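Asker: Below is the sequence, then the predicted model.
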Amino acid sequence: MSEDINYCPNCGAKNSDTSARFCGNCGFQFYNNRNYYREQQNSKTIGEQAKNTFDGFVNKVNTMAGGSGQVELKLRDLVTNVFEKHSVEERENIFICGTARTTPREQEISSEWPRPWLYSRVFMVFAVTFIVLVSLLKLFHNINAYPGIIFIGALAVPFSLLVFFWEVNAPRNINIFDVTKIFFIGGVFSLLVTLILDSMFSTGQLDYSGAILTGIIEEIGKLVVVAYFLKGRKEKYILNGLLLGAAVGAGFAVFETAGYGFRSLIVGNYSAMMSTIYLRGIFAFGSHIVWAAMSGAALAMVKKGNILTMDHIMNAQFFKFFVIAIGLHAIWDMPIDIGSDIHLVQIMLTAIAWIIILVLISVGLKQISNLNFRNR
């Protein structure tokens, strides 16, 4: 095919005359016809470069996680069931997962991409509760609504996202009570470890070096607790590590957001309190929860079915993902001015974090598929 052929954007017909002002087939008028073909090719090249960059990053993460072959990220499967109607029985069947009677045998675990939906219903419950509490405050000026606004506002997104990771946990070997326990206990103890480390290595002002130190301290604080809950032989699946890491990270995020909201309130700044709740709620998707989930998944990846030891924590494969989590956290906190009015850095970091999470889900499902094959 000649390079001097372009295609009409209206009908798709070939047009060999690159100087033509109109399509010979449908009469569509080309804009800036002298540069039309060049712009068309440039657009195609940019699109291909973006796809190649994305595919390269996905394959790199997959290789780091020990995966091989083509990676298929089925993002649609993670949201498609949200828009379908579900029965009470379906909901109850999800909530009883993880008990001695409902945990599937290893050869029965599904390695198909999960289709979670309960997390969206949990979020709706929190959203309605939050809206009513805010309405009580605005309509009746009842200050008793403040604690509820702060706590439910801080809880809504992180806990809903935690339910998402619980639904994604294909082995179905961790029940909702244990998840909630790790959320609360793990969250508060990760804060405790973080504060102890911070008192030893003060981060000072949150400049570039302070942001790096904060990332290191807070991720270590969460890792210590995640490692405790992952120490046994039962939690041998990558998806288990993803869930338990998310539980600790979600608890950390909720307590931290509630604290920041309360600090704004006690100085009488209601607007700052609400802005804190909204902004941190939106960006909970790309911060503490997914950072800790990465670390948990990587730790389970190297630990497999063994008792956790320091050798696993010092393992290079785990350490790569842990450093990524620290790096994402540090850059998130850095005072970068570029696109700060639209939180561009945080949006980009959220996208990167979720690509990594999706790859880890894919690798976790392949782990289950391989175990199923061995148990046949």
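Answerer: Received, thanks.
Asker: mind checking which helix or strand of this protein has the lowest mean pLDDT?
Answerer: In the chain, the helix or strand scored least confidently by mean pLDDT, DSSP states H and E is strand 6-7, which has a mean of 67.
Asker: Do you have the helices of the chain handy? List them.
Answerer: Applying DSSP state H to the chain gives helices spanning 36-64, 88-95, 118-140, 145-168, 176-181, 187-200, 208-229, 238-266, 270-282, 288-303, 310-313, 316-333, 344-374.
Asker: Bridged to residue 14, which residues?
Answerer: On the basis of DSSP bridges, residue 14 is bridged to residue 7.
Asker: Could you pull up the contacting residues of residue 321?
Answerer: Residues touching residue 321, when contacts are defined by C-beta atoms under 8 Å, 6 or more residues apart in numbering, comprise 64, 65, 294, 295, 297, 298, 356. Bear in mind the C-beta positions are built from the backbone N, C-alpha and C, glycine included.
Asker: That one and residue 63, how far apart?
Answerer: With distances taken as C-beta to C-beta, to the nearest Å, residue 321 is found 12 Å from residue 63.
Asker: got any residues that touch both of the two?
Answerer: Between them, residue 321 and residue 63 share no contacting residue, judged by C-beta under 8 Å, 6+ apart.
Asker: which residues touch stretch 345-353?
Answerer: Residues outside stretch 345-353 that contact it (C-beta under 8 Å, 6+ apart): 283, 285-287, 290-291, 294, 328, 331-332, 334, 336, 338-339.
Asker: which regions of the stretch 1-150 of the chain sit below the pLDDT cut-off?
Answerer: Low-confidence regions of the stretch 1-150 of the chain, defined by pLDDT under 70, span residues 1-7, 9-10, 12, 17-21, 27-44.
Asker: Any idea how many residues pack against the closest residue to residue 260 other than its chain neighbours?
Answerer: Nearest residue to residue 260, sequence neighbours excluded (C-beta to C-beta, 6 or more residues apart in numbering): residue 276, at 5.0 Å. By the criterion of other C-beta atoms under 10 Å, residue 276 has 23 neighbours.
Asker: do residue 202 as well
Answerer: The burial metric for residue 202, expressed as a neighbour count using other C-beta under 10 Å, is 10.
Asker: Likewise for residue 51?
Answerer: Using other C-beta under 10 Å, the number of residues around residue 51 comes to 10.
Asker: swap in residue 271?
Answerer: Counted with other C-beta under 10 Å, residues neighbouring residue 271 total 8.
Asker: just residue 370 next, same as before
Answerer: A total of 11 residues lie near residue 370 under the criterion other C-beta under 10 Å.
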